[in-house]
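Undergrad: When you get a sec, could you give me coordinates for this:
(4 chains)
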Protein chains: 2
Amino acid sequence: MNTKPIVLEKISARERLLAAAQELFYEEGINTVGIDRVIERAGVAKASLYNAFGSKDELIRAYLTARHEARVSRMTARLAKHDSPRDKILSVFDDMRENAANAGYRGCAFVRANAELRSEDSVKSVCDVSREWLRSLLGQLTAATGARDPASLTRQLVLLYDGAAVSSQMDGNTGAAQSAREAAISLMDAHGAT
Amino acid sequence: MNTKPIVLEKISARERLLAAAQELFYEEGINTVGIDRVIERAGVAKASLYNAFGSKDELIRAYLTARHEARVSRMTARLAKHDSPRDKILSVFDDMRENAANAGYRGCAFVRANAELRSEDSVKSVCDVSREWLRSLLGQLTAATGARDPASLTRQLVLLYDGAAVSSQMDGNTGAAQSAREAAISLMDAHGAT
DNA sequence: ACCGGAGTATACCGATCGGTCTACTATCGT
DNA sequence: ACGATAGTAGACCGATCGGTATACTCCGGT
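TA: Model (predicted):
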């Protein structure tokens, strides 16, 4: 016999911890949620957490990294459906619109996390990676549109993206991403992006 | 003799607590900073805090309320210097630009606070007041410009404002407010605002 | 002269924090 | 049959959390 499929049903303690961290940290905040709440939700022993991650800080980093990677793969799949750079840019806002429609959407996890950090926190670097990824993606797309000043357009589109995340989070405004999408069209037109 | 001016030199415990809260809560976060740190910074006894505010929660609310009122008076003075609604709108972004230039700028205090709140927190309402004030202000101004769809323009301007706050905070991007100002011009033009 | 309000310092409370440690168990491949 | 691996429960640690209580001092108004 080959490897038994039954093994797949067993979810490792690490994965259950990560799943619990996703829910709790995102919904209630990083500082608010203690270790004990996480292991209770995961149904896992405390020692397992420290075997798998070593510290709460590393768990937080793993939580945010997983969040980033999920977004990358989700966005990659979505971008592949479009040909023109303009449509690809708009699909970024479509992605946010769909996310914000989910119950329990609480805005960008990285913005939320950043607001809780003391300065010089090691978690900050994970946030930076995620932000730079989006900035770079939009940078390439705006350049491909033939916009007059792609760097300026990129900065403005990032503002819209961040702003929509904040508005969704603070006002429960599910239409924020749609407003951002409309504004993006105006700004692309103003920059002569095709 | 009338009331002695010497009395003015005495700063009440309440005021010193509020000043300490301003620094610590804004720089390091609401949940991160404990009561003991606040009273130590204020140079005040613990009982004075609970005499003046009753709870940490009330201190937080007072901190944010003071922050809001400071912004209102600052913005009111600035708006009075301009005549056209278009210039008034741009002055909102000028205000942010000046703030972001200050060392130690950490973004919008309300966005930061909101990211730390558990749901149904009494602090949330203070954030809402501040956000509604800005939204209402921009709403009146956009209407006065004669823009085609002032409600839509308002939503988009708020996005830019929030986005600039996030970018300033997370990327240390001191030029974010300037980018937002430029984008605001494009969006006002697109809406036919004079 | 005296009283009350404001402020002080400090001890204390139960709860929770992040983290360590011991001792035990179930399952695996060899 | 065996050791390695991954996991379990739970006691324990010092520190800190928000908050309360006690007892004292200082000062201004009547």
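
Undergrad: quick one: the lowest-mean-pLDDT helix or strand in chain A to helix B:109-116, angle?
TA: Least confident helix or strand of chain A, by mean pLDDT, DSSP states H and E, is helix A:109-116 with a mean of 90. Interaxial angle, helix A:109-116 versus helix B:109-116 (axes from the mean of the first three to the mean of the last three Cα atoms, to 10 degrees): 110 degrees.

Undergrad: now check helix A:109-116, is it near chain B?
TA: Yes - with Cβ under 8 Å from any Cβ of the partner chain as the measure, helix A:109-116 is seen reaching chain B through A:Phe110, A:Val111, A:Arg112, A:Ala113, A:Asn114, A:Ala115, A:Glu116. Glycine gets a C-beta too; all of them are placed from N, C-alpha and C.

Undergrad: low pLDDT regions in chain A?
TA: A:1-9, A:119 (pLDDT under 70).

Undergrad: now the helices for it?
TA: A:13-28, A:35-42, A:46-52, A:56-79, A:85-101, A:109-116, A:124-144, A:150-171, A:176-190 (DSSP state H).

Undergrad: what's the distance between the closest residue to A:Val44 other than its chain neighbours and DNA strand C?
TA: Leaving aside its sequence neighbours, A:Val44 sits nearest to A:Ala13 (Cβ to Cβ, 6 or more residues apart in numbering or on different chains; 4.7 Å). A:Ala13 sits 13 Å away from DNA strand C, going by Cβ to the nearest atom of the strand, to the nearest Å.

Undergrad: residue contacts, A:Ala13?
TA: Neighbour list for A:Ala13: A:Ala42, A:Val44, A:Ala45, A:Ser48, A:Leu49, A:Asn51, A:Ala52 [criterion: Cβ atoms under 8 Å, 6 or more residues apart in numbering or on different chains].

Undergrad: same deal with A:Ala184?
TA: Going by Cβ under 8 Å, 6+ apart, the list of residues near A:Ala184 reads A:Ile89, A:Leu90, A:Phe93, A:Leu157, A:Leu160.

Undergrad: ok, now A:Met96?
TA: Contacts of A:Met96 (Cβ under 8 Å, 6+ apart): A:Tyr161, A:Ala164, A:Ala165, A:Ser168, A:Ala177, A:Ala180.

Undergrad: Run through who's touching the least confident helix or strand of chain A.
TA: A:25-26, A:29-31, A:60, A:64, A:67-68, A:106, A:123-124, A:126-127, A:130-131, A:162, A:165-166, A:169, B:29, B:31-32, B:107, B:111-116, B:166, B:169-170.

Undergrad: The same query, at a cut-off of 7 Å, please.
TA: By Cβ atoms under 7 Å, 6 or more residues apart in numbering or on different chains, the residues outside helix A:109-116 that reach it are A:26, A:29-31, A:64, A:67, A:106, A:123, A:127, A:130-131, A:165-166, B:29, B:31, B:111-112, B:115-116, B:166, B:169-170.

Undergrad: Could you pull up phi and psi at the closest residue to A:Arg86 other than its chain neighbours?
TA: With sequence-adjacent residues excluded and distances taken as Cβ to Cβ, 6+ apart, A:Arg86 is closest to A:Thr145, at 5.6 Å. Dihedral angles of A:Thr145 (phi, psi; degrees, to the nearest 10) stand at phi -80, psi -10.
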